[in-house]
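Asks: fold the stuff below for me.
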Amino acid sequence: MSSRLLGCVLFVLVVARVPVVAAEPRDPVRLRVGTLAIDGSRYMKDIRALGKEIERRTRSSVQLDWVPGGQLGDDAAMAGLIARGKLDGGGLSETGLQALVPEMAVWGAPGLFHTYDDVDRATAALDATVRDLFAKRDLELVMWADLGFSHLYSAERISSLGDVLQKAAPWLAMPVDGKLTEAITSGRARTWALPPLYMLVIGASKARYTTNLRYRYVIGGLVFSRAAWSRLSASEQATVLDVCREWEPRIRASWRKETERGLAVLAKSGVTTRAASEAEVTAFVETSAKLRAARMQESGLAELGAAITSAIAAR
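Replies: You can find the predicted model right below:
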């Protein structure tokens, strides 16, 4: 037997005698996730189902422990907890997203979006750009969410679109959070803008009139801290992203349907719609476009805003 052949045989014999040590099973990665969504709501039913699907597809190695109903504070408070490493993630509305990544404010500009198709084209086109903005702040945006369009509501009769916009002006710049809610419930705010489902939570009786104008879009998303995300293996991360990619359109469709149902419920409760004329809507669109361009330029968001506008126009 040649020395080379003898060496190969000895190597095989040595390897064969090395015991195979099975990898120690590790405990599931449990991610604590806060949200304002209320238990029993369509929002909460859908995101719990999403969590169950992630658990199933990862064979229970990744589990989401949802803390609903704002138990951890409002969106800004939860964003602060995520940034400080006190909370793994959040299903956040625009307020929380902006607290983490200020550039997200551009998505809520009045008059930017007119239809859900506009929203879908823009979020698809800017997906990688936005995820990179979160990554630069040690965050992982895993899914976009859709909280619907804000409509104008008033406790007083609406004579014209211009009139209601002027009356609502003091409250339109406020984020959708507890301070705005308190202003509405206390009666200090007489005219304001909110998504229909938020209006139902506050109480339909607070508003008596509305318009058919989709004033602005309210964005949302599911975000994890980089520290929490890094606790997942590469394959687990890929699985979570796959599930979120598959479920994103399903959840959006569900929440949009719920928004339309909310509008119908508000109408049945006695909220009267004052339809804006074509001329009024055109004037709003033109004015908001000019103001939006100026504000984006001032805040350094002109490039991002232009990219969103281009995506919307690419029909």
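Asks: can you pull out the helices in this structure?
Replies: 3-17, 42-57, 75-83, 94-100, 116-125, 127-135, 161-172, 178-186, 196-202, 226-229, 234-268, 278-299, 302-313 (DSSP state H).
Asks: among those helices, which is nearest Pro28?
Replies: Each of those has some distance to Pro28 by Cβ to Cβ; the shortest is helix 42-57, at 8.3 Å. Just so you know, the C-beta spots here come from the backbone N, C-alpha and C atoms, and that holds for glycine as well.
Asks: just want the angle from the closest one to helix 234-268.
Replies: With axes from the mean of the first three to the mean of the last three Cα atoms, to 10 degrees applied, the angle from helix 42-57 to helix 234-268 works out at 160 degrees.
Asks: now do the same end-to-end measure for stretch 183-198.
Replies: 14 Å (Cα to Cα, to the nearest Å).
Asks: could I get the average pLDDT for that stretch?
Replies: Average pLDDT, stretch 183-198: 92.
Asks: likewise for stretch 305-315?
Replies: 92.
Asks: buried stuff in it?
Replies: 305, 308-309, 311-312 (16 or more other Cβ atoms under 10 Å).
Asks: for the spatially most central residue of the chain, list each beta-bridge partner.
Replies: Closest residue to the average C-alpha location of the chain: Gly220 at 1.3 Å, with Cα atoms, centre = their mean. Using DSSP bridges, the bridge partners assigned to Gly220 are Ser93, Ala145.
Asks: reformat the helices of the chain as a markdown table; add distance to Phe149.
Replies: As requested, those are exported to a markdown table (distance: least, Cβ to Cβ, whole Å):
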| stretch | distance to Phe149 |
| --- | --- |
| helix 3-17 | 65 |
| helix 42-57 | 16 |
| helix 75-83 | 18 |
| helix 94-100 | 12 |
| helix 116-125 | 8 |
| helix 127-135 | 19 |
| helix 161-172 | 14 |
| helix 178-186 | 16 |
| helix 196-202 | 8 |
| helix 226-229 | 31 |
| helix 234-268 | 8 |
| helix 278-299 | 13 |
| helix 302-313 | 14 |
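Asks: looking at the ones you listed, which is buried most?
Replies: helix 94-100 (a mean of 24; mean count of other Cβ atoms under 10 Å).
Asks: which residues are contacting that helix?
Replies: Outside helix 94-100, the residues that touch it by Cβ atoms under 8 Å, 6 or more residues apart in numbering are 74-76, 78-80, 82-83, 90, 92, 104-105, 107-108, 134, 137, 139, 147, 175-177, 218-221, 223.
Asks: if we use 6 Å, what do you get?
Replies: 75-76, 78-79, 90, 104-105, 108, 139, 175-177, 218-219, 221 (Cβ atoms under 6 Å, 6 or more residues apart in numbering).
Asks: I'd like the average pLDDT over that helix.
Replies: The pLDDT scores in helix 94-100 average 96.
Asks: and for stretch 126-144?
Replies: Throughout stretch 126-144, pLDDT has a mean value of 98.
Asks: quick one on the thing from earlier: ok, the contacts of helix 94-100 vs Glu260, which is closest?
Replies: Val218 (15.1 Å).
Asks: report how many residues lie close to that closest one.
Replies: Neighbour count of Val218, defined by other Cβ atoms under 10 Å: 23.
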